[in-house]
Structure formats: C-alpha cells, structure tokens
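Trainee: Sequence first, predicted model second:
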Amino acid sequence: MQVNAVRINDSGELEFFDGQRWVPYTDLPDDETGPLGVVFRGDDSR
Amino acid sequence: MTGEPPSSGGGLDALPSPLDSVADSRAAARWIISSAGAVGALLLGGGPLIAAGKVTDWAHATWAGGGLLVALLGVAWAIWRTSEVLVPPMTTPASLTGPELRGLRERLEAEPWYHFGGYADDVEGLLRHRRIAAVITGRLRTAPPQERAALREGLATARRNIVRTDPYLRWLLASAHAWQVRETLRRARRQTFLAAALVVVGAVVFIAATTG
C-alpha cells in the first residue's frame, strides 16, 4: 500500500495510510508559535 | 496585568532567514575563485616564462612544461569546483526527502518539536497534506456518490492543514536551499585544498626543472 493513500472506512470517515497503518485524517490543531530556525552543523552558538 | 503571556517575538519576521547565509557562502566562493585566478595569473606571468627560457635541454623542458601544466590544472580544478557554489540549486519539497539533504533531515528529525511544531515527527509528515489533497482530488473524479461527501470533507481538512503547515514548509525550504549551497561550498573547499596541493607539486617540479 502506498504511503498517504486514502480510503473511506466502514464508518464513512476518511483515513490515510501512514506507512504502517490506516489513520483517521483529521484537522491539525492550531499552532500560533510558528516555526523555529535551524542550527547548522558546526554552529555551537545555541 | 492582562494575564497574557509575554510575546516570544516568534514568527518568520523575528528570525534571520537561513537564506541570509547564501550570500555569505557565495561571497566566500567568489573569494576562492579570485584567489585561484590570481595563482593562475602568477603561473602564466613573466617570472615563470623567463625561468622557462633558461632551460636548454628537452628533458628539463619536458619536466618544466609538465610541472606548469599540473599547476594550471590544479588552478582550473579549484575554479571549476568552486564555481558550482554560484550555480543556484533547485529546491523543492522533493529536495527535502532526497539523499543530498540527509544531514539536514537527520538534524531536524532529532528535534522535531523545534522544526515541525506539533504537526509532524519528520519531514514526510509535514509534506503529507498536499499529497493527501492531491490523492483525494484524484479520487473525487471517479468516486461513487456515497463516498464523495467524505472525500470533499477530507479535501477541506487537507486544505486547512496545508495552511497550518505551510509556514513550517517555507522555513524548511529556505533552510534546505541554504544547506545545499553550504554543502556545495564545503565540498568546494575540500576540492580546493586538494587542488592547491596539486599546484604546489606542479610548481615544485617546474622550479626544480628550471633551476636544476
């Protein structure tokens, strides 16, 4: 089964395949903080 | 006191973009290219040619010519490899899962909460929603009527999730772009070091042949 394939389950809900199992596809929660930057290799200033 | 948490200054505007490092990497590359070009000009300058003019036999002339050729090849090698830093890399979401960004991916996935928020544990998880939206759109064309409502609802969910995850994806693409330029510069520096050794060997052979 291909990762991220979708199907409608017996309950009529949409599911996607995450690579190991079928998971209900739902809304993500709101995240207002936004992304943080990355620290490059060799940069020890964190 | 309002009881509101203090502003963290978070968000894309408050942090320097990883793309800022691209200009620095390219400036370093231009400096390396200029230095290599100066060495090449020195090798083809008057001094070496005057020294070559003092050679009187074919054996020494061959050694001198070979040494000069090796040194010039070293210069050309350094300029060729370093100029790759100036070629803009093509950075797409697919780049994030490619082998050339494995180092960056491992770093991000070691601390996913910093780079993906609560939305994913890995890069694939962050990229999932556009893929799912595309799959649903494809399914909608041929889906039986009893599935269409759930698919349309899922498509709306996917679009909302894309909006939520896009800031992270934009940040990752910027980081991936900068990472690619940086890794190209790191490879160019290693290659330039080897090329410099070649230049030294060629110069030593040339000097030995013209003064011996």
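Mentor: Nice, thanks for sending it over.

Trainee: Could you pull out the buried residues of the helix or strand of chain B with the lowest mean pLDDT?
Mentor: When the helices and strands of chain B are compared on mean pLDDT, DSSP states H and E, helix B:46-53 comes out lowest with a mean of 78. Residues B:48, B:51, B:52 are the ones in helix B:46-53 that count as buried (16 or more other CB atoms under 10 Å in any protein chain shown). All C-beta spots, glycine's among them, are computed from the backbone N, C-alpha and C.

Trainee: Let's verify the residue nearest to residue A:29 when sequence neighbours are not counted: helix, strand, or coil?
Mentor: Leaving aside its chain neighbours, residue A:29 sits nearest to residue B:118 (6.6 Å; criterion: CB to CB, 6 or more residues apart in numbering or on different chains). Three-state call for residue B:118 (DSSP: H, G, I helix; E, B strand; the rest coil): coil.

Trainee: where's residue B:118 relative to residue A:28, distance?
Mentor: 8 Å (CB to CB, to the nearest Å).

Trainee: now residue A:2
Mentor: 22 Å.

Trainee: same deal with residue B:26?
Mentor: 37 Å.

Trainee: re the thing from before, now for the least confident helix or strand of chain B, which elements pack on it?
Mentor: helix B:58-83, helix B:145-211 (3 or more CB pairs under 8 Å, 6 or more residues apart in numbering or on different chains; DSSP states H and E).

Trainee: Turn those into TSV, including distance to chain A and mean pLDDT.
Mentor: Formatted as TSV, the helices and strands packed on helix B:46-53 follow (distance: least, CB to the nearest CB, whole Å; pLDDT from 0 to 100):
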stretch	distance to chain A	mean pLDDT
helix B:58-83	19	94
helix B:145-211	4	93
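
Trainee: got TSV for the ones you listed, with mean neighbour count too?
Mentor: Shown next, in TSV, are those (neighbours: other CB atoms under 10 Å in any protein chain shown):
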stretch	mean neighbour count
helix B:58-83	18
helix B:145-211	18
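
Trainee: Please tabulate these in CSV, including the columns distance to residue A:24.
Mentor: Output for those, formatted as CSV (distance: least, CB to CB, whole Å):
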stretch, distance to residue A:24
helix B:58-83, 50
helix B:145-211, 10
